[in-house]
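>>> Next comes the sequence, and after it the predicted model I'd like to discuss.
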Amino acid sequence: MKRTIPLVITFVCGVVLLAAHFSPYTHRWGEAAMIWFDILASIAFLLGGGNLLKVHLKKVFAQQAGWAYSLITVVAFVVTLWVGLVKWGAPPAAHLEHYGESFAHVPLEEFPFTYSVPGQLPKTAERPLLPASVRAQLSQADGQVVFRGWLLPNQKSDLLAYHPTLAWRCLVEQLAKAAQPSAGFRGKLAYYPEPQALAFRGSMTPQERAELEALSPSDAWRSAVAALYEAGQRQTEVVAPTAPERFTPEQARKISPALDYDPASRRLQIRGPMSLSERQALEQQFPLARPKLTADPALTSAHQPESSTVPLRPSAHQPGTSIVQGESSTVQLGTANDQQRGFADPYRHHLWKALEDQGPLTAKQAEVFQAHWERRWTVEQLLEAIRMAGVGEPTEKTACQMLAEKEQGVADIQPIGPLEPDQTLRPEQAAAIRTWAAGPNLYLEDLLEQLAKTSGGQSPGFIQTALQNFFHQVPTEAEAKKTLCVELLRAGPLTEAQREFLLADYRAEWAWRTAVGELFRQAHQVKFPWSGQYNAAGSPFWWIYEYMFKPLTATMFALLAFYVASAAFRAFRAKNVEAALLLGTAFVVLLGRTAAGTVLTGWLPDWLGWLRVEELTVLIMTIFNTAGTRAIMIGIALGIVATSLKIILGMDRSYLGSAEK
Amino acid sequence: MLEKLQHLDRRWVFLMMLLAVAVPMLADWQVPEKSTLLVRQTFEAIDRLPEGSKILLSWDWDPSAEGELGPMANAFVRHCCQKKHKMVFIALWPVGQQLIDDTIEKLIQADYPHLVYGRDYVNLGFKPGNEGVIKVLLTDLRQLYTTDARGTNIEKIPVMRGLNTVRDFDLVVSVSAGYPGIKEWVQYASAAYPNQVRLITGTTGVSAPLLYPYIPDQLQGMLGAIKGAAEYEQLLLEKYPPTHGEEVGKYQEALRRMGPQLAAHLLMIGLIVLGNILYFASRRKQS
C-alpha cells in the first residue's frame, strides 16, 4: 500500500497532464492537477523546513566542523520566517484602516436599524448569490427588500452591478437613500459589516453622544456609542521642532475643532483620531512654488513699477534678512536688460543672484537652473485648468428617472440628461489670480480669500476644486528649491552656503511634516494590525531583503568573474584540435560581446564584412550554437519522453527509493 | 621567470580582474554601441505596437542577476512608458515581487508620475507554481490572480479589463535568469498558442545561447546579457531622448557597464593567451 498509492497518484497525474496537453476538453483537469501539485509542494516545504532545522541544529549541538555556518543558516531561516509570518514592523494596509475614524464592535444581528423598500430580490441562474459585500445584510420579507445597517458606497455599486434592470437599479437607489444615518450624522457615522464595527469620524461631542444614545435603547448600541465617545476624547500631542511661519492656534482650529496648537511650546495637540484630509491640511502650511512669470506688460505696469522693488520671503535660517546676504529685506528687480525685454520674473533673477553671491556656479549649472525654471507652473496653465473645470458636463439620469420615463411610454430613453451650464472666471478673479501669483508668498488660502471677495456673489465651488486639483501637483517653494539643489549638484559642485540656502526651508518643512506624521500615527486607532504587506518598505523583512539578501546574492554572482579568470588562465589550453577550435570560438565571442570587435575589424571592406568579429559572433551563435543546442534539446526531449513513460507505467520506481526497476 | 609565471598566485589574477573592472568603472569609461539585428527586432516588437497596447511583464529573476538584467528590465519599462503601453507585472520568482516594487518606485513613479497605478500599470505580484502559473494564465488568469499585490480585487482594476488570459496581451516580456523563465514561457505559452502569444525576453549571458533555437518563431526577440541591454539602451536613447524630468544616468546603466566588460574580456583573452604560451613553452622545455 505504501508504494501502491504513490504509484497510482503518479499514474493518474501523468495521464491527466498528458491528456490535458493534447485535448482542449481536459485543460481544466491539468490545471487542477497542477494546483494539487502546488499544495503538496507547500507541504513538502514545511517538511523541508523542519528537516533543515533538524540537520543544522544537530551539527551545531555536536559542534561538528562548520557548525558556525550551520548556526548562521538556522538564525537566518528563523529570523526571516518570523518577520515574514508575523509581519513584524509592517504597517497595516492603508485602504483598510479608515483613517480618521474610531471603531466599536456592534454585532450585525444587534444593529438596531433596518430599512426596507417595496420590491423583490432578483435571482438568476447566472448569479445565484447576492454580492458578498451585502449578503449578510440584505434579505426579503413580505414583498419588501430589507437592509440591516447603512448602505456604503461600495455596497451600492455592487448592488447596482448585480442586476441590469431599471426596476432593480431604482430599488437600489431608493434603498441607498433610505439606509443612511440621520441627517446630522451623515459622513460621520458608518457601519462596516465585515468587522461588524460602528465607526465615527473625528471626535464626538457630548451632545452628539446624547443624540446617538437616544436613537436606540439597545445595550450593544449604547456601549458602542460610549466606546466611540471615549476614543474621540483621547488626547494626543507632539512637540514640533519648527512651525510654519503663519501657523497659529486659530489656523489649527480652522482645520479641525479637535486640533490645538501652542506657539510658545510648539505643542500640537489633537483630540481623537486624525483624518487624511486634516493631515494634508496641516502639512500644507507652507508657501507654494513660485510660478514662471511670462512677459506680461499689464502685469509689469500694474504691480511692479512704483519702486521697482519686491519684498522677498526671508530664508528660514536667517530670520529677518533678505535671501541675498548683506542686503535689506527688499531687493532690486531684475537687470535693466530683463526689463527692456519685458521680462517680469524678478524672483528667478534674485534666486540666481543669491546663489551666485554665495559661491561660483558653472555654465552647466546655469543651464540646469534655466531648465528648472522653465518647468515651473505658469498662471496661464492655472487659468486654463479653471476654465476646463468650469465647462458644463452632462447630467446623469438616475435609474428611477429612467424608469419613470419608461412607464410614461418614452420610446428612446437616454441615460444622459441636459448639459450643466458653463461657469467662467470673472475678469476681476483672473486679475486677482495674477496679482496673487506675483506676490511675495504664495498661500492657497490667500488666493481663495481674494477669489471669494471678487466672486460677485457667485458660488466659487468649481474654482476651489480646480485650484485644489491644480496645486495638488505643485510643490512648495522649499521642495522646488530642494529639487533645484539636487539638479545643480548633479551638474557641478555647490558651496556649503549655497546648499544651506537651498535646503534650509525644506529642512524646516520636513521637520514639521514629520511631527504632523507622528501626531497622525499616534492618534490613529489601528484596526487590522496584520493587514499590511510583510515586505512593506521600512519593515524588518524589507531591510533584510534590501540590505542583506540583495547585496549578498549580487556579490556571490560577481565572484564568478574572478574564478572564471583564474580558471581560464590555468585550464583553458589548446591541447588538441577540438580545444583549439573552442579557444578560437571563445576569443571571437568574447571580442564580439564588446566594442573591441568593432575596433579591430571595422576596417574590413563590405565584401569581407562577414569576417568582422561582431558578424562572426552572430554567425557562431545563430548557426553553430543553434545547431548544437537543437541537437541537445531534441535528445533531452526524447530522454524525458522515455523516462516519463517508464515512471507513469510504474516501470521505473527509483523515485520511491526502490532499487527495483 | 617561466616557472614563476606558471605558478602565479591566483590572487594576482584576482587583483588584475579587480583593476580591470574598477578602473573603467571609476573613470566612467564608455564605449560606443552599435545595435545588432536581434536587438533591433526586440526593440521593434515593443515600438511597433500601437499606443495603449497591453503588455505582460514577467520578472523572472532575482538580485544575483541585477548586474545583467536590471538595466534591460529598466529599459523595457521605460520603453513601455514612453509608448504609453499598459503594463501588467507578474513574477515567477519569489523575490521578483520586490524587484517589481523597485521598478515601480524608482522608475515609473519617479520619472513618469503622470502614469496612474491601476489605470496604466498594475503589479499582480508573485505566485508559486513555476510553469503551473503559466498554464493557468493561458486559460483564466483571474482564477489565480484574484487580487493585485496590494490586495485590490482584480475586478476593480481598470487596466485588467478585458484581460482574461495571456492571449489577451499584445506582448509578453520575460526578464529571465533561469528556471522558471523564458524557456517555460516558450514551452507552455508560445508553443501552445503559436500565433496568439508573442514573446520577447531579456536574459543572462549563460542562458542566451540555449534560446537561439526558438528565434524567431516562438521567441520574437531577445536581449542577451549586458551587451544586449546596452544596445537596447542606445536605441532607446536615440529614439526617445530623456527629457529634463528624467534621471538620465538611470537609463545608461548597461552602456556604462560596457567599459568594464571590455577591459575584463581583454584581460581574460590576455590571460588565456599567456596561459597557452606558458603551456607550449613548458612542453618544449620538457621535450
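Alright, I've got the coordinates.
>>> where does residue B:25 fall, phi/psi-wise?
When read as degrees, to the nearest 10, the backbone of residue B:25 gives phi -70, psi -50.
>>> what about the residue lying closest to residue A:475 once chain neighbours are set aside, how many neighbours?
Spatial nearest neighbour of residue A:475, chain neighbours left out: residue A:289 (5.0 Å); criterion: C-beta to C-beta, 6 or more residues apart in numbering or on different chains. Glycine gets a C-beta too; all of them are placed from N, C-alpha and C. Residues contacting residue A:289 under the criterion other C-beta atoms under 10 Å in any protein chain shown number 18.
>>> need the contact list for residue A:289.
Going by C-beta atoms under 8 Å, 6 or more residues apart in numbering or on different chains, residue A:289 touches A:376, A:377, A:442, A:474, A:475, A:476, A:477, A:479, A:480.
>>> My reading is that the last one lies in a helix. Confirm?
So that's residue A:480. Yes - remark: residue A:480 belongs to a helix, assigned using DSSP: H, G, I helix; E, B strand; the rest coil.
>>> State the number of residues packed around it.
Residue A:480 has 23 neighbours, counted by other C-beta under 10 Å.
>>> name the element residue A:429 belongs to?
helix A:427-438 (DSSP states H and E).
>>> buried sites along that helix?
Residues A:429, A:430, A:431, A:432, A:433, A:434, A:436, A:437, A:438 are the ones in helix A:427-438 that count as buried (16 or more other C-beta atoms under 10 Å in any protein chain shown).
>>> What of stretch A:232-246?
Buried-residue list, stretch A:232-246, by 16+ other C-beta under 10 Å: A:232, A:236, A:237, A:238, A:240, A:243, A:244.
>>> Check stretch A:142-156 too.
A:145, A:146, A:147, A:148, A:149, A:150, A:151, A:152, A:155, A:156.
>>> check whether it contacts chain B.
No - Stretch A:142-156 lies out of reach of chain B by C-beta under 8 Å from any C-beta of the partner chain, never closer than 9.1 Å.
>>> so what pLDDT did residue 128 get?
I'll assume chain A. Residue A:128 is assigned a predicted lDDT (pLDDT) of 68.
>>> Correction: the question concerned chain B.
So, for residue B:128, pLDDT stands at 84.
>>> count of residues packed around whichever residue of the stretch 101-250 of chain B sits closest to chain A?
Residue of the stretch 101-250 of chain B nearest chain A, by C-beta to the nearest C-beta: residue B:132 (3.8 Å). By other C-beta under 10 Å, 23 other residues sit near residue B:132.
>>> Now do the contacts for residue 25.
No chain was given, so I picked chain A. Here residue A:25 is in contact with no residue (C-beta under 8 Å, 6+ apart).
>>> my question was about chain B
B:256, B:257, B:259, B:260.
>>> now residue B:220
Contacts of residue B:220 (C-beta under 8 Å, 6+ apart): B:41, B:42, B:45, B:198, B:199, B:200.
>>> who wins for most neighbours among the contacts of residue A:289?
For the contacts of residue A:289, neighbours tallied by other C-beta under 10 Å; top is residue A:480, 23 neighbours.
>>> Let me see the backbone angles for the nearest residue to it once chain neighbours are set aside.
Nearest non-adjacent residue to residue A:480, counting by C-beta to C-beta, 6+ apart: residue A:289, 3.9 Å away. With angles defined as degrees, to the nearest 10, residue A:289 sits at phi -60, psi 140.
>>> Tell me the spacing between the most centrally placed residue in chain A and chain B.
Geometric centre of chain A, nearest residue: residue A:94, 10.0 Å, by C-alpha atoms, centre = their mean. Distance from residue A:94 to chain B, counting by C-beta to the nearest C-beta, to the nearest Å: 9 Å.
>>> pLDDT score for that residue?
Here, the pLDDT recorded for residue A:94 equals 85.
>>> re the thing from before, and which of the buried residues of helix A:427-438 is nearest chain B?
The closest of those, once distances to chain B are taken by C-beta to the nearest C-beta, is residue A:437, at 22.4 Å.
>>> quick one: the top helix by length along chain A to chain centroid distance?
In chain A, taking DSSP state H as the definition, the longest helix is helix A:27-62. On the basis of C-alpha atoms, centre = their mean, to the nearest Å, helix A:27-62 sits 34 Å off its chain's mean C-alpha point.
>>> now it: mean pLDDT?
Helix A:27-62 carries an average pLDDT of 85.
>>> Spell out the secondary structure type for residue A:115.
When classified by three-state DSSP, residue A:115 comes out as strand.
>>> quick one: which helix or strand includes the residue of the stretch 301-450 of chain A found nearest chain B?
For the stretch 301-450 of chain A and chain B, the shortest gap (C-beta to the nearest C-beta) falls at residue A:371, measuring 4.9 Å. Per DSSP H and E: residue A:371 is located in helix A:363-374.
>>> any idea of the mean pLDDT in the helix or strand following that helix?
Where DSSP H and E defines the elements, the next helix or strand beyond helix A:363-374 is helix A:379-390. Helix A:379-390 shows a mean pLDDT of 89 in the predicted model.
>>> Measure how helix A:379-390 sits relative to helix A:427-438, angle-wise.
Orientation of helix A:379-390 against helix A:427-438 (axes from the mean of the first three to the mean of the last three C-alpha atoms, to 10 degrees) gives an angle of 140 degrees.
>>> Give the buried residues for helix A:379-390.
A:379, A:382, A:383, A:385, A:386, A:389, A:390.
>>> Could I get the residues you listed in TSV, plus columns for distance to residue A:628?
Converted to TSV, these look like this (distance: C-beta to C-beta, whole Å):
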residue	distance to residue A:628
A:379	68
A:382	65
A:383	68
A:385	63
A:386	68
A:389	66
A:390	70
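>>> Can you add distance to chain B and give those residues back as CSV?
Shown next, in CSV, are these (distance: C-beta to the nearest C-beta, whole Å):
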residue, distance to chain B
A:379, 21
A:382, 18
A:383, 21
A:385, 15
A:386, 20
A:389, 18
A:390, 23
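>>> Among the buried residues of stretch A:142-156, which lie within strands?
With strands taken from DSSP state E, the overlap with the buried residues of stretch A:142-156 comprises A:145, A:146, A:147, A:148.
>>> Next, format these as JSON lines and append pLDDT.
Output for those, formatted as JSON lines (pLDDT from 0 to 100):
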{"residue": "A:145", "pLDDT": "93"}
{"residue": "A:146", "pLDDT": "94"}
{"residue": "A:147", "pLDDT": "95"}
{"residue": "A:148", "pLDDT": "95"}
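>>> Looking at those, spot the one nearest chain B.
For those, the nearest to chain B is residue A:147 (22.1 Å; C-beta to the nearest C-beta).
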